[in-house]
Structures are given as C-alpha cells and as structure tokens.
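K.L.:
The sequence and its predicted three-dimensional model are supplied below.
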Amino acid sequence: MAATVRGERRDDLVGGSPFDLAAAQSAKSRGRVPEILVGTFLVALFALAGAWFYSTSTRSTGYLALREDVQRGEIIESGDLTVYDVSTDAPLLGIRTSETGLVIGKVALSDMKIGTLITADQFADKAQIPDGSGIVGLELAPGEFPTLSLRPGDRVRVVIIPEANLVSEADQTVVAADSVEVVEVVETGGRARFISLTMPTELADRVVAADSQDRVRLIQVPEG
C-alpha cells in the first residue's frame, strides 16, 4: 500500500511572504519621516533668518526735515522741524532725530522748501556782532528798500536823502554806508518791512538820526 503523506500549509511558521511589497514600502516610509521633518525645519529656519537680516539691514531711521519753507538767514527753531522715517540700507548725510543740536538755533544759509531733508552744512552759527559795530533797525515802506525779496545775508548801500524843501548843495543825497549786511527782514503789515542792518557804530548813529526823519533809503549791492 502506498503511503499517503498529508501536510498543512503553515505560513505562520515562515513569518510572512518575502515578497510582501506593501510591508516593505511602509517600513521605508516610516524611516524617512524624521528626515523630511528635519528638512522642513531647516528651510523654515533659513527663511526666518533671511527675513530678519533684510528687516535689520533696512531698518527705518528718523531724519529731520523741514515742516515749512525756510528762508536764508532765518534762525531755526524746533517748530520748523519734523521727522521722516527713512528705510534704506545706504548711508545718508541727513541729521537724525538724536542730533537736533546740530541745527536748532543755527542760521539757514539758503532758501529751502518744506519737506527738505536737512544736512548740517546747510546751516551756520548765528552771526555775532563784531566789535565796533551795531545793529540798526529800519521800518521802511515800499520804494524805500530795493526789493520785496530782500533777505538776510544780502548787502545794501544806505543813502540819506535831503530834507524836504532843502535843496542846497550841502543837503544833497549822501551815502551813509556803502555796503552793509542785512541781518533780519520782517513783514510789518502790507508791503512794509522792518529791516535790520549791521554797520560800524559811527555810521549807525547818523543812520538812526536820518531814519527818524524818514530820509533813509536802501540800494541792494553785490555781495563780497
């Protein structure tokens, strides 16, 4: 009699088929998860670092600018100034808000428009009265001074006209001061101006006396 051999398939003894692809791919994916997380973290870290570097390199800085038009010879006060925040990575020559002492109380060397970012070389120290000189103030009507655009720093010739009804040779127009500096010009209503001039004291006395008689006239002359 032929022997019959019976057996049962016992896959559980083998531990699973060596060709189970789904299990192998699942294990491989689980192994790559930490690498993906690390890569994502590094990308985010470098992005944040780049954003921080850009923001710090172009950080806005407050610079002083003019709140209103300024004329040559005008003394700068805090109310004449405002602050502009400027974002740039390039160096500027402007005056920062912490450096207001460089301009307050100084004299403008030229006419400047509202909004101008200012620099230290646009201003000078307030002029001092030289020894032997004085400042004469004259309130003059149109026609008694040369131009409505007369400004501090301009130079004028001061002439004294004859008294009314006196036409003798001794009373002809004379030059009291040939070239003196205008130090201040203020509107006094209408087109009249209060004009301050600096000149030697020996001339100032004569000009003041003539002005009390309304005999002073100004002629603008070249500077220097």
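P.N.:
Perfect, thanks for sending it.
K.L.:
mind giving me the domain split of the chain?
P.N.:
The record's domain split for the chain, according to automatic domain parsing, is 24-57, 60-124, 133-221.
K.L.:
now the longest one, how far from the chain's geometric center?
P.N.:
Think domain 133-221. 36 Å (Cα atoms, centre = their mean, to the nearest Å).
K.L.:
what pLDDT, on average, does it get?
P.N.:
Taken as a whole, domain 133-221 carries a mean pLDDT of 88.
K.L.:
cool, and the second one?
P.N.:
Mean per-residue pLDDT for domain 60-124: 84.
K.L.:
pretty sure residue 85 is touching residue 62, no?
P.N.:
Yes. Assessed by Cβ atoms under 8 Å, residue 85 is found in contact with residue 62 at 5.6 Å. All C-beta spots, glycine's among them, are computed from the backbone N, C-alpha and C.
K.L.:
Which one's more surrounded, those two?
P.N.:
residue 62 (15 against 10; other Cβ atoms under 10 Å).
K.L.:
any idea how far the residue nearest to residue 210 when sequence neighbours are not counted is from residue 130?
P.N.:
Closest residue in space to residue 210, ignoring its immediate chain neighbours: residue 160 at 4.3 Å, by Cβ to Cβ, 6 or more residues apart in numbering. Between residue 160 and residue 130 the computed distance is 23 Å (Cβ to Cβ, to the nearest Å).
K.L.:
before we move on, what about residue 151?
P.N.:
21 Å.
K.L.:
So those two - more neighbours on which side?
P.N.:
Neighbour comparison, residue 151 and residue 130: the larger count goes to residue 151, with 16 against 9 (by other Cβ under 10 Å).
K.L.:
got a list of what the residue lying closest to that one once chain neighbours are set aside touches?
P.N.:
Leaving aside its chain neighbours, residue 151 sits nearest to residue 72 (4.9 Å; criterion: Cβ to Cβ, 6+ apart). Going by Cβ atoms under 8 Å, 6 or more residues apart in numbering, residue 72 touches 108, 109, 110, 111, 151, 152, 153.
K.L.:
Repeat that for residue 151.
P.N.:
So residue 151 contacts 71, 72, 73, 111, 182, 185 (Cβ under 8 Å, 6+ apart).
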